[in-house]
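Engineer: with the input below, show me the fold.
(chains A and B)
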There are 2 protein chains.
Amino acid sequence: MHKSRLAVAVIDCQGGDLGEHATFWASALGRVAEDRPKDPKYRDLIGPDSEMRLLVQSVDHGPRVHLDIETDDISAEVARLTRLGAREVGKCKTWVVMEAPSGHRFCVVGPQRPDFEKNANVWED
Amino acid sequence: MHKSRLAVAVIDCQGGDLGEHATFWASALGRVAEDRPKDPKYRDLIGPDSEMRLLVQSVDHGPRVHLDIETDDISAEVARLTRLGAREVGKCKTWVVMEAPSGHRFCVVGPQRPDFEKNANVWED
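Structural biologist: Numbers count the residues shown, from 1 in each chain, chains lettered A, B, ... in the order given. The predicted structure is shown next:
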């Protein structure tokens, strides 16, 4: 048995000033942009705990929004998504990049939101 | 005064069978795909009221995820977002398509989620 859930929308930004992009998106969505001192490629857009997490990320590819699925068992979740038709694209640090049959890239990551244990979907492996 | 909030992530799918794309995403995210009999270009991915709405949409452009901002006053919200640096791209039926300074397209739409009145951000115009 493992759990998973949609957790994060990542706003991938190419070029420009990441701080300015984060300020725009935070202001647009009523959130607060926070730096990560050890990871300058990211800004968190802090909002209510009950809402999806949002990040702004500096990337080399064109502007895109991608979704992250949070799980307490990355390999079991990757196997489940593979059975549904997704394919594994690669591993990055602690997460796995996958591609849906619809062509969308998404990531499988560890638990992100405070209510994960209580509200995530439960899958019988 | 008006209100707005991030409301929906739309999974834009190019080609293939929209029903199959919706089935994949519903299964991946633990939701239920629902047809719209009068609007075959969309499938709703039904989940808990407390979560972001998710749609799968058939489009002519490449696969993409875009965000929708819900508001009780579309023209006031478009004006607010324009002041923040976004530009209006066009109008579609009841919503407005905009582009962020980061190059991401997004839509400004009417209220979507049941707790909009209670939990949306309030802006003094």
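
Engineer: quick one: end-to-end length of stretch A:86-99, please.
Structural biologist: Chord length of stretch A:86-99, first to last residue, is 6 Å (Cα to Cα, to the nearest Å).

Engineer: so it, near chain B or not?
Structural biologist: Yes: contact between stretch A:86-99 and chain B, assessed by Cβ under 8 Å from any Cβ of the partner chain, occurs at A:Ala86. To be clear about C-beta, it is placed using only N, CA and C from the backbone, and glycine gets the same treatment.

Engineer: ok, A:Glu117 - how many residues close by?
Structural biologist: Other residues within reach of A:Glu117, judged by other Cβ atoms under 10 Å in any protein chain shown, total 10.

Engineer: flag every residue of chain A that's near chain B.
Structural biologist: Counting by Cβ under 8 Å from any Cβ, chain A sits next to chain B at A:4-6, A:9, A:11, A:13-14, A:16, A:20-21, A:24-25, A:27-30, A:48, A:50-52, A:54, A:56, A:62-67, A:69, A:81, A:84-86, A:100-104, A:119, A:121.

Engineer: apply 7 Å and report the result again.
Structural biologist: With Cβ under 7 Å from any Cβ of the partner chain as the criterion, chain A comes near chain B at residues A:5-6, A:9, A:11, A:13, A:16, A:20-21, A:24, A:27-30, A:50, A:52, A:63-67, A:69, A:81, A:84-85, A:100-104, A:121.

Engineer: give me the buried subset of the residues you listed.
Structural biologist: A:5-6, A:9, A:11, A:13, A:21, A:24, A:27-30, A:52, A:63-67, A:69, A:81, A:85, A:100-102, A:104, A:121 (16 or more other Cβ atoms under 10 Å in any protein chain shown).

Engineer: contacting residues for the residue nearest to A:Trp95 when sequence neighbours are not counted?
Structural biologist: Nearest residue to A:Trp95 in three dimensions, chain neighbours excluded: A:Val109, at 4.4 Å (Cβ to Cβ, 6 or more residues apart in numbering or on different chains). Counting by Cβ atoms under 7 Å, 6 or more residues apart in numbering or on different chains, A:Val109 makes contact with A:Ala7, A:Asp68, A:Glu70, A:Trp95.
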